[in-house]
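1. What shape does this take:
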Amino acid sequence: MTKGTKIFRIIISVLLALTMLISAFFAVVFCLYFAKEPYGIYVSGIAINRSNNEDVLGDGKVYYDESNNILTFDNATIEYDNTVVYSEIDLHIQLIGENKFICTNEEYAIGVFAGNNHLFKDLAIIGDGSLTIELPNTSDEAVGIAADNLTVATNLTVTTPNCENKVNGIVCTSDLIVASKATVTVNNGAATMYSSAVRVRGNAFLEEGTTLKASTNSDATGICKGLTVSGDLFMGKDATLEVSVDDSTTDQGECIRVSGLMEIGIGSTVTASAKKASAIECFGTIEANKGATISAVSEKNDADIFCSGAVVNYGATIAGEIDAVGEIRNQEGDANG
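-> Alright, predicted model coming up:
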């Protein structure tokens, strides 16, 4: 082997070694970068990524499963001065045991927000546990939960404070689904401009055996709403809906307002009460099925129940004065048969 050949081989070996070192360096940098790359989910202001997803807060009570897109809270109590859970992507929240979120912000308090700027995202709250969201401080504005499509399949309680401007318990820009015999309770504060316990811009589904309770504090001015559904409201068998608003000092009050069809399932219960407004307002048709019970009370309005379409009774018990622009019709059977 000539001297030149040896030198050439040495040069090649050095170049190969350098190439391997550079490749290894960039591989490490690549891994470190993506380990820190956030998923778009934040808990107490902490961005979740591959380096902390197994123990987000360092106490073993919050962890994220990337493959199934499930953020789990295991008997977690979290107090934070800003949005407790903020997700820029569609998200499943799984609950184990009793969990509580407390947002102490005194300007704009938010419990859970699913959205990227003004584009809301889907949110599902599931599991065998429960969640309580509390916004204890009086603030300018407050929102308990805001999402596009919201599914609640576990017990949930939202309590919002009195606010200077606006307060919303639950806001859905599309559909609301309450499932798995869950109970959802919203205790909404009063506000000078606008207060709404539950606002659904799409359809609302209360599946079999579920419960939705919504109420608003007294002393609200401006607009005060209990449950507003811009689409249809469907109640499954043995579902329960309880809504009460104190609109005695408001410019405009609504207790239950449904723009489309209001279908009350077999054996279901609806209880509604308001100070000035009609307790139930439906601008489509009300279908009340066999064994259902409807109790509507408005202290100062002649009509406890107003319907711009027809009220079709398939064997329900209805307590309250009805003003139906269409007609009040008693039918045999039920709405589906």
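2. list the contacts for Ile322?
-> 303-305, 307, 311, 328 (Cβ atoms under 8 Å, 6 or more residues apart in numbering). Where you see a C-beta, it was placed from the backbone N, CA and C, and this is true even at glycine.
3. Let's see which of these end up in strands.
-> Judged by DSSP state E, strands contain the following of these: 305, 307, 311, 328.
4. Just name the closest of those residues to Asn137, please.
-> Ile305 (37.4 Å; Cβ to Cβ).
5. residues in contact with the nearest residue to Gly209 once chain neighbours are set aside?
-> Nearest non-adjacent residue to Gly209, counting by Cβ to Cβ, 6 or more residues apart in numbering: Lys181, 4.1 Å away. Counting by Cβ under 8 Å, 6+ apart, Lys181 makes contact with 208-210.
6. Which of those residues fall in helices?
-> Assigned to helices by DSSP state H, none of these qualify.
7. re earlier: just among the ones in strands among the contacts of Ile322, which is most surrounded?
-> Of the ones in strands among the contacts of Ile322, Ile305 is surrounded by the most neighbours, 28 neighbours in total, counting by other Cβ atoms under 10 Å.
8. does that one have beta-bridge partners, and which?
-> Per DSSP bridges, residues listed as beta-bridge partners of Ile305: Ile280, Ile322.
9. circling back to that earlier point, check pLDDT for the ones in strands among the contacts of Ile322 and point me to the minimum.
-> Within the ones in strands among the contacts of Ile322, Ile328 has the lowest pLDDT, namely 94.
10. Could you find the closest non-adjacent residue to it?
-> Counting by Cβ to Cβ, 6+ apart, the residue nearest Ile328 is Val311, at 4.8 Å.
11. Buried subset of the contacts of Lys181 as a ChimeraX selection?
-> Listed next is the ChimeraX selection for buried residues among these, using 16 or more other Cβ atoms under 10 Å:
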select :208,209,210
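12. Format the contacts of Lys181 as TSV; extra columns: pLDDT and distance to Asn162.
-> What follows is the contacts of Lys181, written out as TSV (pLDDT from 0 to 100; distance: Cβ to Cβ, whole Å):
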residue	pLDDT	distance to Asn162
Glu208	98	35
Gly209	98	33
Thr210	98	28
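13. Looking at the contacts of Lys181, which are in strands?
-> Among the contacts of Lys181, no member falls in strands (DSSP E).
14. Among the contacts of Lys181, which one sits closest to Leu176?
-> Thr210 (11.0 Å).
15. Contact partners for the closest one?
-> Contacts of Thr210 by Cβ under 8 Å, 6+ apart are 178-184, 236, 239-240.
16. Taking these, please make a ChimeraX selection of just the buried ones.
-> The buried residues among the contacts of Thr210 can be selected in ChimeraX (16+ other Cβ under 10 Å) with this line:
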select :178,179,180,182,183,184,236,239,240
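17. Just list whatever residues bridge to Ala274.
-> Assigned bridge partners for Ala274, using DSSP bridges, are Ser298.
18. burial count for it?
-> 29.
19. residues contacting it?
-> 226, 244-245, 247, 253-255, 297-299, 301.
20. Mind putting those into CSV with distance to Lys276, pLDDT and neighbour count?
-> Supplementary listing: the contacts of Ala274 in CSV, determined by distance: Cβ to Cβ, whole Å; pLDDT from 0 to 100; neighbours: other Cβ atoms under 10 Å:
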residue, distance to Lys276, pLDDT, neighbour count
Gly226, 13, 97, 31
Ser244, 13, 97, 19
Val245, 9, 96, 31
Asp247, 5, 92, 26
Gly253, 5, 93, 25
Glu254, 10, 96, 22
Cys255, 10, 97, 32
Val297, 12, 97, 19
Ser298, 7, 95, 24
Glu299, 7, 90, 13
Asn301, 6, 77, 20
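21. Just send the residues you listed back as a markdown table, with distance to Thr271 and secondary structure too.
-> Below are the contacts of Ala274 laid out as a markdown table (distance: Cβ to Cβ, whole Å; DSSP: H, G, I helix; E, B strand; the rest coil):
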| residue | distance to Thr271 | secondary structure |
| --- | --- | --- |
| Gly226 | 11 | strand |
| Ser244 | 8 | strand |
| Val245 | 12 | coil |
| Asp247 | 16 | coil |
| Gly253 | 17 | strand |
| Glu254 | 16 | strand |
| Cys255 | 10 | strand |
| Val297 | 9 | strand |
| Ser298 | 13 | strand |
| Glu299 | 15 | coil |
| Asn301 | 17 | coil |
